[in-house]
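In: The following comprises the amino acid sequence and a computationally predicted model.
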Amino acid sequence: MLHTSTDTAAYQRLEKRFSRIARLGDAQSILGWDEAVMMPAGSSAARNESLAELSQILQDLLRSPELADDLAATEAETLNDWQRANVREMRRRYKRATLIPADLHRQLMMACMECEQAWRRLRGENNWTDFAPLLQRVLELSREELKILAADQKLSLYDAALERFSPGLRTEVVERIFGELRGFLPDLTREILQRQQPHEKIEGEFPADVQKALAKQLMQKLGFSFENGRLDESHHPFCGGTQRDVRITTRYNSNEFLSSLMGVLHETGHALYEMNLPLDWYGQPVGQSCGMAIHESQSLFMEMQVCRSREFVEYIAADVQRSFAAQVRQPDTLSAENLTRVVQHVERGYIRVDADEVTYPSHIILRYELERGLVEGTIQVKELPSLWDEKMQALLGLSTLGRDKEGCMQDVHWPGGAFGYFPAYTFGALIAAQLFSALRADVPQVREQIRQGEFSALQAWLRSKIWSQGSHLDTLALVQQATGPLSVAPFRRHLEERYLKS
């Protein structure tokens with residue numbers, strides 16, 4: 001893909017170079033997916049070396065003196081708005097590649113892979129003792145990297161961490177937003193818990209193949225293309241792969257099916273974003289997703305705003321009943337009314353990925369406060385179990401002492417070096433609520449369309465406002481353009497409407 005012009009020779013060379021980088025990055029992504037889903041455990045050392053070598057090749061391409069020369073030469077070229085945004089994103093990648101020493105990059109990558117692979121085993125064993133030194137190594141190397149990035153960008157260490165995942169987001173904004181959430185969520189949660197209607201437990205044996213068939217049916221209805229994507233199983237559900245080869249994973253529980261189904265629909269939101277990024281800019285930095293807060297907004301829009309709504313449950317109830325009529329012990333527990341109560345049930349729990357949308361922000365606030373301390377050096381890795389327990393009790397009234405697999409070992413993010421990622425989840429929830437509020441204003445009949453299983457207008461609206469925009473703007477600017485300034489108010493209204501007025 002070239003956006004040609006006679007006076008943009010340097011820019012054209014940059015597009016060619018970044019197309020090559022993108023193709024190698026796609027191969028790296030598929031290898032990473034395979035490592036998490038298909039690779040035999042005994043192959044981990046060899047795979048780590050392969051991934052590290054490929055990463056080094058990408059770093060070398062990004063550090064090229066010719067690339068630097070062409071970036072400088074574009075200053076004298078006449079570029080359109082999207083081309084200028086593309087150069088901005090190219091510069092961002094070039095600076096990070098040249099700032100971080102090759103040896104540090106390789107050490108950090110290897111430490112993250114070693115820690116993450118050990119985490120998969122040690123978490124199940126509740127073995128904090130053996131896990132802590134591995135996490136300590138990842139943190140030390142991550143801090144070295146963040147110090148370099150922070151100095152160059154004139155940011156605090158934690159702002160530099162945020163910038164990697166949600167460009168434009170700053171600690172000041174996170175503190176303000178999380179402060180507002182802390183101000184009303186405790187009382188709102190108590191009120192919802194007091195007023196919510198009880199549901200009947202759905203009991204039975206639910207074979208994985210039946211769960212998968214239903215999930216795939218609904219994925220396609222929402223717009224997922226199996227010509228360019230897959231659904232598989234992994235230890236931790238995720239969406240990976242590439243824009244033209246999207247890989248979703250989930251995990252199945254034979255005793256219940258809704259957590260896996262909702263997890264798949266969550267990841268489908270991620271996948272639809274990737275599949276619908278602007279094809280004209282495929283392989284270019286500006287054509288890629290706009291950070292993880294926007295990415296999480298797409299998954300939470302699909303899961304929370306759409307798929308846990310009463311309208312969507314009414315739409316899928318008949319398919320659920322057909323799928324599991326033979327497996328469920330009490331057929332009436334699969335009624336639309338009971339299914340709605342189950343998927344909208346609010347309960348304080350230990351596990352973030354299983355949390356409802358009311359208590360979920362508390363899980364993120366806890367992680368934000370701890371990882372900010374880790375990054376800034378005010379919290380030590382050895383303190384995590386006790387501090388996690390302390391904050392869990394304060395925010396959710398639960399103790400995790402002696403239960404580290406349900407506490408500070410439950411997430412893959414820190415083992416993978418993803419410090420600064422967690423706020424993206426709650427910002428994603430806020431953005432999702434604001435997007436759905438704007439969608440309802442633009443398409444007043446959208447709730448009834450969801451009830452009928454019609455998603456074309458919803459898809460078209462998201463494609464126009466978010467999917468087609470790539471990285472043309474940063475996080476908060478994209479929200480501003482789509483809906484106006486980011487606010488907590490639409491999220492609060494959504495919770496009150498769903499849980500107190502329905």
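Out: Right, received. Where do you want to start? Numbering: from 1, shown residues only.
In: Check this protein for its longest helix and report it.
Out: Identified as the longest helix of the chain according to DSSP state H is helix 9-37.
In: just the angle between the next helix or strand after that helix and helix 9-37, please?
Out: Proceeding N to C from helix 9-37, the next assigned helix or strand is helix 44-62, under DSSP states H and E. Computed with axes from the mean of the first three to the mean of the last three Cα atoms, to 10 degrees, the direction of helix 44-62 lies at 170 degrees from that of helix 9-37.
In: just checking, what packs against the longest helix of the chain?
Out: helix 44-62, helix 65-73, helix 81-99, strand 239-242, strand 245-250 (3 or more Cβ pairs under 8 Å, 6 or more residues apart in numbering; DSSP states H and E). Where C-beta positions appear, they are placed from N, C-alpha and C, glycine not excepted.
In: Mind putting these into CSV with mean neighbour count and distance to Gln327?
Out: Listed next are those as CSV, based on neighbours: other Cβ atoms under 10 Å; distance: least, Cβ to Cβ, whole Å:
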stretch, mean neighbour count, distance to Gln327
helix 44-62, 15, 36
helix 65-73, 15, 57
helix 81-99, 18, 49
strand 239-242, 22, 28
strand 245-250, 23, 18
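In: quick one: which of these has the weakest pLDDT on average?
Out: Across the helices and strands packed on helix 9-37, helix 44-62 has the smallest mean pLDDT, namely a mean of 91.
In: Can I get that helix in CSV, CA atoms only?
Out: The C-alpha coordinates for helix 44-62 follow below in CSV (Å, rounded to 0.1, in the frame of the first residue of the first chain):
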residue,chain,number,x,y,z
SER,A,44,9.5,-23.2,25.5
ALA,A,45,13.2,-22.6,25.6
ALA,A,46,13.6,-22.9,21.8
ARG,A,47,10.5,-20.8,21.2
ASN,A,48,11.8,-18.1,23.5
GLU,A,49,15.0,-17.9,21.5
SER,A,50,13.1,-17.7,18.2
LEU,A,51,10.8,-14.9,19.5
ALA,A,52,13.8,-13.0,20.9
GLU,A,53,15.6,-13.3,17.6
LEU,A,54,12.7,-12.1,15.6
SER,A,55,12.2,-9.2,18.1
GLN,A,56,15.8,-8.3,17.6
ILE,A,57,15.4,-8.2,13.9
LEU,A,58,12.4,-5.9,14.2
GLN,A,59,14.4,-3.6,16.6
ASP,A,60,17.3,-3.5,14.1
LEU,A,61,14.9,-2.5,11.3
LEU,A,62,13.5,0.3,13.5
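In: From the rest of the structure, what touches the helix or strand of the chain with the lowest mean pLDDT?
Out: Taking mean pLDDT, DSSP states H and E as the measure, the chain has helix 44-62 as its least confident helix or strand, at a mean of 91. Helix 44-62 has contacts (Cβ atoms under 8 Å, 6 or more residues apart in numbering) with 17, 20-21, 24-25, 27-28, 31-32, 35, 39, 67, 93-94, 96-98, 100, 102, 105-106, 109-110, 113-114, 117.
In: Please identify the buried residues of the longest helix of the chain?
Out: 10-15, 17-18, 21-22, 25-26, 28-29, 32-33, 35-37 (16 or more other Cβ atoms under 10 Å).
In: Surely Val343 and Val306 touch.
Out: No: using Cβ atoms under 8 Å, Val343 is not in contact with Val306, being 11.6 Å away.
In: A helix includes Gly168, no?
Out: No: under DSSP: H, G, I helix; E, B strand; the rest coil, Gly168 falls outside any helix and is assigned coil.
In: wouldn't it be in contact with Ser471 here?
Out: No: at 10.8 Å, Gly168 and Ser471 do not qualify as touching, with contact defined as Cβ under 8 Å.
In: Pick out whichever of the two has more residues nearby.
Out: Ser471 (25 against 17; other Cβ atoms under 10 Å).
In: ok, and that one, which helix or strand is that part of?
Out: Applying DSSP H and E, one finds Ser471 in no helix or strand.
In: tell me the contacts of it?
Out: With Cβ under 8 Å, 6+ apart, Ser471 has these contacts: 85, 89, 167, 285-291.
In: Tell me how far it lies from Gln288.
Out: Distance, Ser471 to Gln288, using Cβ to Cβ, to the nearest Å: 6 Å.
In: Identify the contacts common to the two.
Out: Glu89.
In: And the pLDDT at His3?
Out: pLDDT, read off for His3, is 51.
In: which residues of the stretch 351-500 of the chain score low on pLDDT?
Out: Counting by pLDDT under 70, the stretch 351-500 of the chain contains no low-confidence residues.
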